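In: quick one, structure for this:
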Amino acid sequence: MAEVVVVADKEAAGELAAESIQALIAAKPDAVLGLATGSTPLPVYRALARRVAAAGTDVSHVRGYALDEYVGLPAGHPESYRAVITREVVEPLGLTPSLIHVPNGAIATIEHAGADYEKAIAESGGVDVQLLGIGTDGHIGFNEPGSSFASVTRVKTLTEQTRKDNARFFASEDDVPMHCITQGLSTILRARHLLLLAFGEGKAEALAGAVEGPVSASNPGSAIQLHPHVTVLVDEAAASKLRNIDYYRYAYAHKPAWQKL
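Out: The predicted model follows:
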C-alpha cells in the first residue's frame, strides 16, 4: 500500500519532498533523480533549491533523468522538456548540466531513442527517487490510458485531453505536439522510490483510482500499487475522493520517528 500524506497545500508537499530528496543526496552525493515536468513538481524544485543553498549541499555529482519529451520540437524550443528541466531544475539547484538527461525527441534518431534512454538509465545504476504527477485521465509520465505495465521508454500519441491540458504552455492547442517519447510504466516501476504529488479537485478522481481502484491499464497511475515504496503527497482537494482517508491520516500521525518518506 502506498503511504498517503495529506498536507495543507502544495508548498507543504514541496517541503516534505525536498527534505526527503536532500537527505538522499547527503547520503548519496551521486544520487539519481527521476525528474517530472509540468506545474505539479515545481514546489518541490523550489523548496529543494532553497534547502541545498541554505545548507551548502554539494549537488555537483547528482544525476537526473527526465520522464519524457515532446517529439519534433525544434532544438531550443522554450517548451521542450530539455528547456524546462534546465530552467526549473538544473539552473536553480546548480546541477551539472551534462549529468541531467532528457529523452531525445529529434525525428532523425527517434527510432532508437527509447532503447538509448533505457540503456543510459541502466548504466547509471537506476533511479533512486522518481517524482511523478498524475493527469486528469490517470496518466503518469506520458503513459496514457491503455499503456502496458510492461512498457519501456517509447514513442506515444498524446490523447486529446492531455493536449488540451498542456495547451496552456503553448500559443494554442494546435501547437502542442501530437507525439512524445516517455519512460514506460515498467521503467518507472524500476525506480527505488516513487514520490507522486497531486493537487486540486481536478486530480481527485484519477488519484483515487490510482491509489484505491483496481490495477488497470485504464488508469496508468494504478501501476504504483505494484511498487514496494510509494509516497503520495496530496492536498485536501486532491484527497477528497479517497475512501480510506481516515486511515491514511491515522497512519501518518502514528508513523515511527525513524521511518522516513
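
In: C-alpha only now, for contacts and for neighbours.
Out: Fine.

In: show me where the stretch 101-250 of the chain has helices.
Out: 110-123, 160-166, 185-189, 204-212, 245-253 (DSSP state H, counting those that start in this stretch).

In: can I get the third one in PDB? Just the C-alpha atoms.
Out: Extracted in PDB, the C-alpha atoms of helix 185-189 (Å, rounded to 0.1, in the frame of the first residue of the first chain):
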ATOM      1  CA  LEU A 185       5.400   2.100 -16.800                       C
ATOM      2  CA  SER A 186       7.900  -0.700 -16.300                       C
ATOM      3  CA  THR A 187      10.700   1.800 -16.500                       C
ATOM      4  CA  ILE A 188       9.100   4.000 -13.800                       C
ATOM      5  CA  LEU A 189       8.400   1.000 -11.600                       C
END
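
In: residues making contact with that helix?
Out: With contacts defined as Cα atoms under 8 Å, 6 or more residues apart in numbering, helix 185-189 is touched by 118, 130, 143, 147-153, 220, 223-224, 226-227.

In: count the neighbours of Ala53 for me.
Out: Residues near Ala53, counting by other Cα atoms under 10 Å, number 14.

In: contacts only, for it.
Out: Listed by Cα under 8 Å, 6+ apart, the contact set of Ala53 reads Leu93.

In: which one (most neighbours) among the contacts of helix 185-189?
Out: Within those, most neighbours by other Cα under 10 Å means Asn143, with 32 neighbours.

In: surely Gly133 touches Ala36?
Out: Yes. Gly133 is within contact range of Ala36, at 7.2 Å (criterion: Cα atoms under 8 Å).

In: so what sits against both of the two?
Out: Contact criterion Cα under 8 Å, 6+ apart; residues shared by Gly133 and Ala36: Gly141.

In: list the buried residues of the longest helix along the chain.
Out: Using DSSP state H to define each element, the chain has its longest helix at helix 10-27. If you call a residue buried by 16 or more other Cα atoms under 10 Å, then helix 10-27 has these buried ones: 10-22, 24-25.
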